[in-house]
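> here is a sequence with its predicted model. Questions after.
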Amino acid sequence: MTRHNDADASTAITRASACAKAILLGEHAVVYGRPAIAVPIPACRAWVTVRDAPAGGGSIIAHDVGARYLAGSFCVDEHGEFLWAAVEGALRACCASGPWPSLEIEVHSEIPIARGMGSGAAVSAAMARGIVAHLGLALAPERLSELVYDTERLLHGTPSGIDNTVVAYEQAIWYRQGEGAEPIDLAIPLTLLIGDTGIPSRTRASVALVRRCWEAEPAPLEALFDAIAEVVQRGRSAMGRGDLVELGRQMDRNQALLAELGVSDPALERLVAAARQAGALGAKLSGGGMGGCMIALVPEDATEAVEAALRAAGATGVVVARIERQRAT
Ligand code: PMV
């Protein structure tokens, strides 16, 4: 895998960013050891600016939540807690023995919060990239992925590790817990439309719901996870061959299995149906579900029609994402 680093540390101000992500196939089952496929959304990013602050005057300015968090404050909200955890993780990686420098860090993200697009992972990855580059150091993607995983645990409890991995490597990946990630073959570019229901996705709640059902009655859930694993395997082969029709079919099948699992909802179903009717090759929820975003695979000449159909069906935002072809090396 190649290293992605867009931080510019040549001046006293360091800028860095990290991308959004979408889970193409396999969410939820990935928590139970099945494989999943995730893709980066490079056009949609979280950005940070890092500069030196006077000693003891460190702060984080979070533009998207309209907050400034001062270093050393006792009471911070959940956003502040998450952001400081990301900063501390990066500083610990850089200056294990201290002392920690005082920094002013500004954060701005184009990625909608709590929609299954990896906003938290991207903010934490951009923070780590920015801080490390500002201190004149380098961070391998494996280490970046670990740092982001630690902050993901604050948000999600028991994340599978797929979000931090795809955001750290910024490549389409095949991921399986315990085995890690592999870049996958993508023979032709994909055009994905990401439709936002406008409803915050409660990943923690949907993961907990699936966990409760699995604990109560593991056999039917294990069968669903196996069916999802097969969909992921078929989807991967279709991507390698450049067979978009087959990939779309597997996305539809995955959506049916996720609905059976119980993590879809009427708003997601409405957007999925609208995308298919307007010419999408396949469509499904992406991420934790129960609100959040859906993705549609579209032939390029249907992009406008599908986007219009998603908006007419109530999408509060639509992102058009192109995933470039890649060869696994
Ligand atoms: O963070 P989200 O909403 O993209 O969900 C991640 C996907 C899940 O499989 C539901 C959870 C996980 O940790 O993999």
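Here it is on my side, so go on.

> check the average confidence over stretch 231-246, would you?
If you average the pLDDT over stretch 231-246, you get 98.

> then it to CSV, C-alphas only?
The C-alpha trace of stretch 231-246 is given here as CSV (Å, rounded to 0.1, in the frame of the first residue of the first chain):
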residue,chain,number,x,y,z
VAL,A,231,-22.2,-11.1,-1.3
VAL,A,232,-18.9,-9.4,-0.5
GLN,A,233,-16.9,-12.1,-2.2
ARG,A,234,-19.0,-11.9,-5.3
GLY,A,235,-18.8,-8.1,-5.2
ARG,A,236,-15.0,-8.2,-5.0
SER,A,237,-14.8,-10.5,-8.1
ALA,A,238,-17.2,-8.2,-10.0
MET,A,239,-14.9,-5.2,-9.2
GLY,A,240,-11.8,-7.1,-10.4
ARG,A,241,-13.6,-7.9,-13.7
GLY,A,242,-15.1,-4.4,-14.1
ASP,A,243,-18.6,-6.0,-14.1
LEU,A,244,-20.7,-3.1,-12.7
VAL,A,245,-24.1,-4.8,-13.3
GLU,A,246,-23.0,-7.7,-11.1
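
> ok, now how distant is residue 129 from residue 176?
26 Å (C-beta to C-beta, to the nearest Å). In short, each C-beta sits where N, CA and C put it, glycine included.

> those two: who's more crowded?
When residue 129 and residue 176 are compared on other C-beta atoms under 10 Å, the one with more neighbours turns out to be residue 129, at 28 against 19.

> distance of that one from the ligand?
Going from residue 129 to the ligand by C-beta to the nearest ligand atom, to the nearest Å gives 20 Å.

> ok, now residue 213?
Using C-beta to the nearest ligand atom, residue 213 is found at 14 Å from the ligand.

> what's across from the nearest residue to residue 13 once chain neighbours are set aside in the sheet?
On the basis of C-beta to C-beta, 6 or more residues apart in numbering, the spatially nearest residue to residue 13 that is not a chain neighbour turns out to be residue 51, at 5.0 Å. The residues listed as beta-bridge partners of residue 51 by DSSP bridges are residue 104.

> in contact with residue 51, which residues?
The contact partners of residue 51, by C-beta atoms under 8 Å, 6 or more residues apart in numbering, come to 12, 13, 14, 103, 104, 134.

> one more: residue 93?
Residues in contact with residue 93, defined by C-beta under 8 Å, 6+ apart, are 128, 132, 139, 143, 147.

> one more pass at 10 Å, please.
Residues touching residue 93, when contacts are defined by C-beta atoms under 10 Å, 6 or more residues apart in numbering, comprise 128, 131, 132, 135, 137, 139, 143, 144, 146, 147.

> what kind of secondary structure is the fifth one in?
This points to residue 137. coil (DSSP: H, G, I helix; E, B strand; the rest coil).

> what parts of this structure come near the ligand?
23, 27-28, 30-31, 116, 118, 156, 159-160, 162-163, 201, 203, 207, 287-288 (C-beta under 6 Å from any ligand atom).

> among these, name the ones in helices.
Judged by DSSP state H, the subset of those located in helices is 156, 162, 163, 203, 207.

> and stretch 230-237, how far out from the chain's middle?
Going by C-alpha atoms, centre = their mean, to the nearest Å, the spacing between the C-alpha centre of stretch 230-237 and its chain's C-alpha centre is 20 Å.

> name the surrounding residues that touch that stretch.
Residues lying outside stretch 230-237 but in contact with it, judged by C-beta under 10 Å, 6+ apart, are 24-26, 29-30, 34-37, 172, 174-176, 182, 184-186, 243, 246-257, 282, 284.

> recalculate using a threshold of 7 Å.
24-26, 34-37, 174, 184, 247, 250, 253-254, 257 (C-beta atoms under 7 Å, 6 or more residues apart in numbering).
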